[in-house]
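J.: Sequence and predicted model, in that order:
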Number of protein chains: 2
Amino acid sequence: MAARTRRRGDELIAALYESVLAEFDEVGLGRLTMEGVARRAGTAKTTLYRRWPTPEALLVEAIGAAYPVEEPSPAADDLRGDLIRALELLLEWARHPSARAVQAILADRRRAPELAAGLQEVFDASGRRFTATVLHHYARLGQLDPALLTPVVEDIGEALVFKHGLDTGEEPDRGRLAEIVDQAILPAVGLGR
Amino acid sequence: MAARTRRRGDELIAALYESVLAEFDEVGLGRLTMEGVARRAGTAKTTLYRRWPTPEALLVEAIGAAYPVEEPSPAADDLRGDLIRALELLLEWARHPSARAVQAILADRRRAPELAAGLQEVFDASGRRFTATVLHHYARLGQLDPALLTPVVEDIGEALVFKHGLDTGEEPDRGRLAEIVDQAILPAVGLGR
């Protein structure tokens, strides 16, 4: 530790985020400690307590920092392309270590209600659901009826992507993402079919 | 054990199905043994080996026996009602101990490829997806275009029900099931919206 270069600011924060996710991945729910995170990050426990009251607060912040904020029109004003791009962003996120932490927390939410509530804030701050930001953008442009953007409809893309992973153990490929958009999301917002 | 009444036929089979599910629930993947199942069921290991080559074969059979076969028109010739009923059947199944076993096997499919393949046969034999049997029934009646019944569309109902459970830790209520049917499934088969 003594030999380690002193890290400050963003670099230190990034290292702590990485450490808390790795530590959580290893020890699991209910066994996360500031000691463990500090040891893994090669820093002092007091450094952590200066900024976060609990290791759980640090964990939620690390998850939030990795959670992508969907752009309203990433593929340049093309609803279909933008929806596919939003689902690709979901897949990119799903590969990040923080996605595993989210999965573990949600699967065990009864034992971790505060962590689950913390996640909800992260999701809400990021536009709630992948594809929702894109859909509301096009509704504002008048290209679809905002009344159709219910919680169920906002959830169609995420639900079908997760289900594919659950059933096959694999990510949906781009063809499957396009099918999800064409066969499920667009009909639900009154376009196509 | 000696005092236990000798069970035969269906009663014994039912007790063995219950035992293998309970044993799997307790010991988890890779630690299921005929000894454990036999002990729990209060029967002899040889009784089990006479019928099943491995405890995994017994487990898959127990899951298959509990897996409901969807009726084409459970709610009496009303597509919307029949779809809601199909999703209610999914919820009923999800409360059975075998649903937990399915979830555990699918979550760990890499370690248990043969079990996962066995499950696939169970699902295929039962109509693959809740709502699929109903949708194909109405397609045969000419009420919707069979070309619209793609794997993605057949999966919409299950995906949104599972996603609701994942996000909230609770079952969707009947109102939510109706929203899934009205806002996602029916539009995808060209009806409504």
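T.: Right, received. Where do you want to start?
J.: Could you list the contact residues of chain A toward chain B?
T.: Proximity of chain A to chain B, by CB under 8 Å from any CB of the partner chain, involves residues A:106, A:109-110, A:116, A:148, A:150-153, A:155-156, A:158-160, A:162-164, A:166-167, A:169, A:176, A:179-180, A:183-184, A:187-190, A:193. Yep, even glycine has a C-beta here, placed from its N, CA and C like the rest.
J.: Walking through chain A, point out its helices one by one.
T.: A:9-27, A:34-41, A:45-51, A:55-66, A:79-94, A:97-107, A:113-125, A:132-140, A:151-168, A:174-180, A:186-188 (DSSP state H).
J.: what comes up buried for stretch A:127-142?
T.: A:127-139 (16 or more other CB atoms under 10 Å in any protein chain shown).
J.: CA-only coordinates of it in PDB, if you can.
T.: Extracted in PDB, the C-alpha atoms of stretch A:127-142 (Å, rounded to 0.1, in the frame of the first residue of the first chain):
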ATOM      1  CA  GLY A 127     -35.200   7.500 -17.700                       C
ATOM      2  CA  ARG A 128     -36.600   4.400 -16.000                       C
ATOM      3  CA  ARG A 129     -36.600   2.000 -18.900                       C
ATOM      4  CA  PHE A 130     -34.400   1.500 -22.000                       C
ATOM      5  CA  THR A 131     -36.500   2.700 -25.000                       C
ATOM      6  CA  ALA A 132     -38.700   4.900 -22.800                       C
ATOM      7  CA  THR A 133     -36.700   8.100 -23.500                       C
ATOM      8  CA  VAL A 134     -36.700   7.400 -27.200                       C
ATOM      9  CA  LEU A 135     -40.500   6.700 -27.300                       C
ATOM     10  CA  HIS A 136     -41.300   9.900 -25.300                       C
ATOM     11  CA  HIS A 137     -39.000  11.900 -27.700                       C
ATOM     12  CA  TYR A 138     -41.000  10.800 -30.700                       C
ATOM     13  CA  ALA A 139     -44.300  11.400 -28.900                       C
ATOM     14  CA  ARG A 140     -43.200  15.000 -28.300                       C
ATOM     15  CA  LEU A 141     -42.500  15.200 -32.000                       C
ATOM     16  CA  GLY A 142     -46.000  14.100 -32.700                       C
END
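J.: Other residues contacting that stretch?
T.: Taking contacts as CB atoms under 8 Å, 6 or more residues apart in numbering or on different chains, the residues outside stretch A:127-142 that touch it are A:69-74, A:79, A:82-83, A:85-87, A:89-90, A:123, A:144-146, A:149, A:153-158, A:161, A:185, A:189.
J.: One more: stretch A:163-171?
T.: A:91, A:94, A:172, A:176, B:106, B:109-110, B:116, B:155, B:158-159, B:162-163.
J.: Kindly recompute the last result at 10 Å.
T.: With contacts defined as CB atoms under 10 Å, 6 or more residues apart in numbering or on different chains, stretch A:163-171 is touched by A:88, A:90-91, A:94-95, A:161, A:172-173, A:176-177, A:180, B:103, B:106-110, B:113, B:116, B:119-120, B:123, B:129, B:151-152, B:155-156, B:158-163, B:166.
J.: give me phi/psi at the one residue sitting closest to the centre of chain A?
T.: Closest residue to the average C-alpha location of chain A: A:Tyr67 at 4.1 Å, with CA atoms, centre = their mean. Backbone torsions for A:Tyr67, taken as degrees, to the nearest 10, come to phi -80, psi 120.
J.: what pLDDT does it get?
T.: With respect to pLDDT, A:Tyr67 scores 91.
J.: Tell me how many other residues surround A:Val69.
T.: Burial of A:Val69 is recorded as 9 neighbouring residues (other CB atoms under 10 Å in any protein chain shown).
J.: do you know how far the closest residue in space to it that isn't next to it in sequence is from chain B?
T.: Closest residue in space to A:Val69, ignoring its immediate chain neighbours: A:Ser126 at 5.1 Å, by CB to CB, 6 or more residues apart in numbering or on different chains. With the distance defined as CB to the nearest CB, to the nearest Å, A:Ser126 ends up 14 Å from chain B.
J.: for A:Glu88, same thing?
T.: Counting by CB to the nearest CB - A:Glu88 and chain B are separated by 16 Å.
J.: Spatially nearest residue to that residue, not counting backbone neighbours?
T.: Per CB to CB, 6+ apart, closest to A:Glu88 is A:Leu177, 6.6 Å.
J.: What of A:Leu90?
T.: With CB to CB, 6+ apart, the residue lying closest to A:Leu90 is A:Phe130, at 4.1 Å.
J.: Now that neighbour: phi and psi?
T.: phi -60, psi 140.
J.: how close does A:Val37 get to A:Tyr17?
T.: Taking CB to CB, to the nearest Å as the measure, A:Val37 falls 10 Å from A:Tyr17.
J.: Now do A:Thr5, the pLDDT please.
T.: For A:Thr5, the model assigns a pLDDT of 55.
J.: related to what we said a few turns ago, so for A:Val37 and A:Tyr17, which sits in the more crowded spot?
T.: Using other CB under 10 Å as the criterion, A:Val37 and A:Tyr17 rank with A:Val37 on top: 26 against 22.
J.: That one reaches A:Asp25, doesn't it?
T.: No: shown here, A:Val37 and A:Asp25 do not form a contact pair, counting by CB atoms under 10 Å, at 11.9 Å.
J.: Return the residues in contact with A:Ile63.
T.: A:Ile63 neighbours (CB under 10 Å, 6+ apart): A:17, A:20-21, A:24, A:96-99, A:101-102, A:105, A:115, A:118-119, A:122-123.
J.: give me every residue that touches the residue lying closest to A:Asp182 once chain neighbours are set aside.
T.: Nearest non-adjacent residue to A:Asp182, counting by CB to CB, 6+ apart: A:Gly192, 6.4 Å away. Contact analysis of A:Gly192 by CB under 10 Å, 6+ apart lists A:Arg80, A:Val181, A:Asp182, A:Gln183, A:Ala184, A:Ile185, A:Leu186, B:Pro187, B:Ala188, B:Gly190.
J.: same thing with A:Ala104?
T.: A:Phe24, A:Asp25, A:Gly28, A:Leu29, A:Ala112, A:Leu115.
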